[in-house]
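# Using only what follows, build the 3D model:
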Amino acid sequence: MTYFLNFAVGAPGAENNRGRVYIFCGEAGGLSEQPCQVLNAADDSHEGLGWALTSGSGFLAVSRLNPHTVAVYRRRKVLLPHLQLISDTLLPLVGVEVVPVKVCLNYTIRNGELDSINRKFEGHLELDVGNDISRLQFEDLEASNRSRIFEIEAKAGEMKCKPFGVRRKVEENAVFYYELKANASLLADLHPDVVQDPLLALEAQSTLRPALTCDGAECITEVVVSMQHEAPIYIYETSENFYLDMSVVVSKDPAYFPELHLDTGGDLSYSAVQGSSGVECEGATDIVCYFDTLEDSQTDLKIVLLPSQELRKTITGHRPNFTLKANFSSFSDFSATSKPTATLDIPVQLNFLFDLAG
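Below you'll find the predicted structure:
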């Protein structure tokens, strides 16, 4: 068994002269940079805690100036816990099949030898972190419940795990990542003889990933964008909407979400998208359209654009154009060998008819 010496520092002038004692724990690389424990005055009327210190046989004696007393603290074992959140089973692309998730905990003891005492920790597991409404649920809970409080009981030096079953709420295309988060803490009231190291954040995160399969050694998603009208036409001095008809074809491996980026240069602004419920667009003159499917598919859509005040004037001499780009947004860390096809840029020149009547 390897032992490390701790170091106590008295600060009688801290906290408006109430005083404090800072305990720095010994580690393999030396003392901890931050105190692993802080002793505070028991009463606001006390002053000068930490004026003098002495230790021996596992006890620390701390004097204070007012009142002139000595407090004796018994050294307790310090638990060094570690938490893991394991979700290495992939979610099926379709269906609501249950997948296993485990929260695992183990700990060692700093000030003392390992013992055979079972100690209880209280934990909390949250599903689909970052979304206002969870898209996941526990297999034995109602759909509205996204978190669970649990207990893990373990001895020093052993790993204990708490299993859970998790599934999607609805039978949808599982093309999303789902973030999970767990934390835990020692039930201190049940174990007054030990203390958990306050410098160790007992937290863990993991990601439920979709079970994507690829034909070859790497995943490649290809998106082809084609214009339905080679030369869109807009007539000056009208307030009519401009319609951009296009077809988007997604093929090969379902590993990346396609995105369409439209930069109108301020001449046209986004109004609506028609023809597909699986496409959402946002932005005004710098427009991004997102697709919610990764399956091989063809999507025909019509983007409705509003003309600017400049375009509504007669013979402005301004011949606008805008650029259409097909980009991709991928799953983070999906695969070291996955990639989309090259970004596709399509500059679109608008043809304008001049209305000179009158």
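
# Quick one: residues contacting Ser63.
Gly50, Trp51, Ala52, Leu53, Thr69, Val70, Ala71 (CB atoms under 8 Å, 6 or more residues apart in numbering). The way it works is simple: take the backbone N, C-alpha and C, and place the C-beta from them, glycine included.

# most surrounded residue in these?
Gly50 (23 neighbours; other CB atoms under 10 Å).

# Distance of that residue relative to Gly157?
With distances taken as CB to CB, to the nearest Å, Gly50 is found 35 Å from Gly157.

# if we can go back for a sec, among the contacts of Ser63, which two are most distant?
Longest distance between any two of the contacts of Ser63 is 14.0 Å, between Leu53 and Thr69; criterion CB to CB.

# What is the neighbour count of Leu83?
22.

# State the distance from the nearest residue to it once chain neighbours are set aside to Ser251.
Distances taken as CB to CB, 6 or more residues apart in numbering place Ala204 nearest to Leu83, at 4.5 Å, with adjacent residues excluded. Noted for Ala204: a distance of 38 Å to Ser251, by CB to CB.

# Then Tyr73?
69 Å.

# now do Asp193
For Asp193 relative to Ser251 (CB to CB), the value is 64 Å.

# Tell me which of the two has more neighbours.
More crowded of Asp193 and Ser251, by other CB under 10 Å: Ser251, with 15 against 11.

# that older thread, now render the contacts of Ser63 as a markdown table, adding pLDDT and distance to Leu306.
What follows is the contacts of Ser63, written out as a markdown table (pLDDT from 0 to 100; distance: CB to CB, whole Å):
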| residue | pLDDT | distance to Leu306 |
| --- | --- | --- |
| Gly50 | 88 | 71 |
| Trp51 | 90 | 76 |
| Ala52 | 91 | 78 |
| Leu53 | 90 | 75 |
| Thr69 | 87 | 79 |
| Val70 | 88 | 80 |
| Ala71 | 85 | 75 |
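
# now, which of those residues lie within strands?
Applying DSSP state E to the contacts of Ser63, the entries found in strands are Ala52, Leu53, Thr69, Val70, Ala71.

# so what's the closest residue in space to Gly19 that isn't next to it in sequence up against?
In space, Gly19 comes closest to Leu49 once its chain neighbours are excluded; the distance is 3.1 Å by CB to CB, 6+ apart. The neighbours of Leu49, taking CB under 8 Å, 6+ apart as the test, are Gly10, Pro12, Arg18, Gly19, Arg20, Val21, Leu39, Asn40, Ala41, Val62, Arg64, Ala71.

# Confirm for me that Thr285 is in contact with Ser271.
No. Contact criterion CB atoms under 8 Å: Thr285 and Ser271 do not qualify, at 11.7 Å.

# Beta-bridge partners for Leu85, please?
Assessed by DSSP bridges, Leu85 has beta-bridge partners Val103.

# Pull out the buried positions in the helix or strand containing Ala8.
Taking DSSP states H and E as the definition, Ala8 sits inside strand 7-11. Neighbour-count burial for strand 7-11, counted by 16 or more other CB atoms under 10 Å, picks out Ala8, Gly10, Ala11.

# Spatially nearest residue to the second one, not counting backbone neighbours?
Nearest-residue entry for Gly10: Gly50, 2.8 Å, with adjacent residues in sequence omitted and distances by CB to CB, 6+ apart.
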